[in-house]
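# Following is a predicted model, sequence given first.
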Amino acid sequence: MEMTVQGKQIDIGDALRKHVTGKLTDIDQKYFNHATDATVTFSREGHGNGMFKVHISVRVGKNIMVITEAVESDPYVAFDAASEKAAKRLRRYKKKLRDHHQRTEKTPETEMVKARYYTLSAQSQEEAQEQDNAADQGDDPAVIAEIATHIEKMSVSEAVMRMELADKNALMFRNASTGKLNMVYFRNDGNVGWIEPDEA
């Protein structure tokens, strides 16, 4: 597994780098053993409050990422908390990930729909009200970023797995059973919602 351990405005010592490398290698070997690359980023959280934030991103298959974060007063404790979250998710989906890896190493292009992902600027309530008033005149919200992406064909259970592994709130996918665009998302009550278009 290719591993990158980096710090944002923080120096990463050899001891911490060795701790990170050893622990992530152990987790990969224990639960999956097919991870291709991992990136661990340490940064300071807030201004002068002595907290450290750790962001872990591990690629465990084609377009399957495990992403976790943790904030603690010690970088080792923060990393251990974030890596335990990753291990817990991999443990939960261990069988499904191994089945997926054996079933297909490569998703054909025909199984994906090309799409665009937009990030819109956050608005205050005043700006939102002004925008609602301007909507009649055809003004659109400011686009901060536009990224080309693919919407993959998969089962509902695989979509839920990928959403949870990547620590996302929602995931759009093409339902393998119906061929239609569907979406899964985490509800406020902690359950997972599933949106599927009617047959009309």
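Done, it's in.

# Any stretches of this structure with poor pLDDT?
99-141, 199-200 (pLDDT under 70).

# For this structure, which residue occupies the most central location?
Centre of the chain computed as the mean C-alpha position; nearest residue by Cα atoms, centre = their mean is Ala166, 2.6 Å away.

# Ramachandran coordinates for that residue?
phi -90, psi 0 (degrees, to the nearest 10).

# And the one 5 residues further on, by the same measure?
Dihedral pair for Leu171: phi -150, psi 130, per degrees, to the nearest 10.

# Quick check: nearest residue in space to it, chain neighbours excluded?
Among residues not flanking Leu171 along the chain, Met163 sits closest, at 4.1 Å (Cβ to Cβ, 6 or more residues apart in numbering). Bear in mind the C-beta positions are built from the backbone N, C-alpha and C, glycine included.

# list the contacts for the nearest residue in space to Lys53 that is not next to it in sequence?
If the residues on either side of it in the chain are set aside, Lys53 comes closest to Glu45, at 4.3 Å by Cβ to Cβ, 6+ apart. Shown in contact with Glu45 (Cβ atoms under 8 Å, 6 or more residues apart in numbering): 51-53, 71.

# and those, which are buried?
Taking 16 or more other Cβ atoms under 10 Å as the criterion, what is buried in the contacts of Glu45 is 52-53, 71.
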